[in-house]
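1. Provided below are the primary sequence and the corresponding predicted coordinates.
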Amino acid sequence: MTDANASTPRELRPDTWRFCPLCGAPVERRVVAHDGREYPVCSGCGHVCYLHPKIVAVTIPVRDGRVLLARRAIEPAHGLWTFPGGYVDWGESVSHAARREMREEVGLDLEPEGLVGIYSYEEAPVVIVAYHVTIPNGLEAKADVHEVSETGYFARHEIPWDQLAFRSTREALEDWFRRPGV
């Protein structure tokens with residue numbers, strides 16, 4: 001979202017909330033918990049405006065020891081490599097979202113087999129959940145023209161480490177390659 005009077009985009013963070021999402025009254029910062037942390041609190045109805053991180057589900061698709069990566073065709077990180085993945089929708093399980101995102105972005109409809117890792121960072125409003133998926137021979141990935149410009153299979157020594165989209169991409173790849181038998 002961009003403020004018409006500002007030249008930089010505004011972020012939705014707890015410290016940027018000005019009005020209650022329930023009644024529209026102004027919010028004020030107040031300590032509301034025993035831990036001493038401040039939160040936006042509605043001056044009208046008293047609603048505490050908690051803002052929780054979004055969950056991102058990704059898959060690490062692998063065939064014959066080579067990882068399938070997708071080059072992003074959208075921001076953020078346009079043109080860089082990552083895994084198929086995206087936000088978990090309300091009422092959707094994380095593993096279902098991982099499968100849906102893989103189907104939407106690279107045309108593969110496969111069940112996630114196991115958890116690789118969970119990644120979160122203080123500076124980012126997301127929690128990334130990474131699953132492993134085995135791609136059987138005969139199935140081919142195809143890039144979604146809207147979100148993914150191309151796909152490629154990479155052995156460990158071929159991965160474009162300096163062109164990875166996100167810190168979580170690098171860390172999940174490192175975790176994947178540390179697994180026994182990989």
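-> Received the coordinates, thanks.

2. can you map out the helices along the protein?
-> In the chain, the helices defined using DSSP state H lie at 94-106, 167-178.

3. for residue 148, which of those helices is the nearest?
-> Comparison of the helices of the chain against residue 148 by Cβ to Cβ identifies helix 94-106 as nearest, at 5.0 Å. Quick note: C-beta positions are derived from backbone N, CA and C, even for glycine.

4. excluding chain neighbours, what is closest to the residue lying farthest from the centre of the chain?
-> What lies farthest from the middle of the chain is residue 44; by Cα atoms, centre = their mean that is 34.3 Å. Leaving aside its sequence neighbours, residue 44 sits nearest to residue 25 (Cβ to Cβ, 6 or more residues apart in numbering; 2.9 Å).

5. can I assume the one you found is in contact with residue 46?
-> No. Counting by Cβ atoms under 8 Å, residue 25 does not reach residue 46; the two are 9.6 Å apart.

6. now, of the helices of the chain, which is deepest in the fold?
-> Most buried of those, by mean neighbour count (mean count of other Cβ atoms under 10 Å): helix 94-106, with a mean of 21.

7. rewinding a little: show me what contacts the residue farthest from the centre of the chain?
-> Residues near residue 44 by Cβ atoms under 8 Å, 6 or more residues apart in numbering: 20, 23-26.
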